[in-house]
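J.: Task: produce atomic coordinates for the following.
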Amino acid sequence: MSFDRTLHESALFRICFVCTGNICRSPMAEVVFRHLVARQGYDSAISVMSAGTGDWHVGENADDRTVTALTARGYVSGDHRARQFDPDWFDSLDLVVVFDRSQDRILKAWAGSESDRGKVQMLLGFDKAQAPRVDVPDPYYADAAMFDSVLNMIERASSALLDQIKPGIRLETP
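T.: Purely as a prediction, here's the structure:
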């Protein structure tokens, strides 16, 4: 069985959320962002995926606390399987969104060009109100309340991110 998910080739804009293990923050952001994209009618124009910098959880489902937090807010988390980011993906991605400075350093080190390094952006940087915080904390070693707090941060920053990229997205009209 393969755990690979592919980007929709027809999408005009391709984004990947990358956290450490791809079981907490990045799958949470993938679900939230995909929901926002669909709700605003951009699902055929924006492709969303997630990955981790590490390989510790490859093939695992999202953390139960991630699923619980998402479900409590009405999101459908689907059948997520963790995977590790592959630097070869830079060529097919328009934006790589990370959650903390550690991931930022790792992904920029993996980037093969200045152009690819420029694709790596911190999530909270898209939300002026949250930008001073810089990092979205990793809730893995915390309680359910921290997962809920992280989800709040991700929802706000994801909404701000979508608002910023929408002007550059061309929707196909029938």
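J.: where do the helices sit along the protein?
T.: All helices of the chain, identified by DSSP state H, fall at 25-39, 64-72, 101-110, 114-119, 144-165.
J.: What are the buried residues along the longest one?
T.: Which is helix 144-165. For helix 144-165, a neighbour-count test (16 or more other C-beta atoms under 10 Å) marks 146-147, 149-151, 153-162, 165 as buried. (Glycine included, C-beta is placed from N, CA and C.)
J.: CSV please, covering the helices of the chain and showing mean pLDDT and distance to residue 48.
T.: Below are the helices of the chain laid out as CSV (pLDDT from 0 to 100; distance: least, C-beta to C-beta, whole Å):
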stretch, mean pLDDT, distance to residue 48
helix 25-39, 97, 5
helix 64-72, 96, 14
helix 101-110, 98, 17
helix 114-119, 97, 15
helix 144-165, 97, 10
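J.: State the distance spanning the first to the last residue of stretch 84-96.
T.: 13 Å (C-alpha to C-alpha, to the nearest Å).
J.: Flag every buried residue along it.
T.: Buried residues in stretch 84-96, counted by 16+ other C-beta under 10 Å: 85, 89-90, 93, 95-96.
J.: ok, residue 13 - contacts?
T.: Contacts for residue 13 (C-beta atoms under 8 Å, 6 or more residues apart in numbering) come out as 45-47, 94-95, 165, 168-169.
J.: any idea how far the nearest residue to residue 155 once chain neighbours are set aside lies from residue 92?
T.: In this structure, residue 155 finds its nearest non-sequential neighbour in residue 32, 5.6 Å apart by C-beta to C-beta, 6 or more residues apart in numbering. Using C-beta to C-beta, to the nearest Å, residue 32 is found at 22 Å from residue 92.
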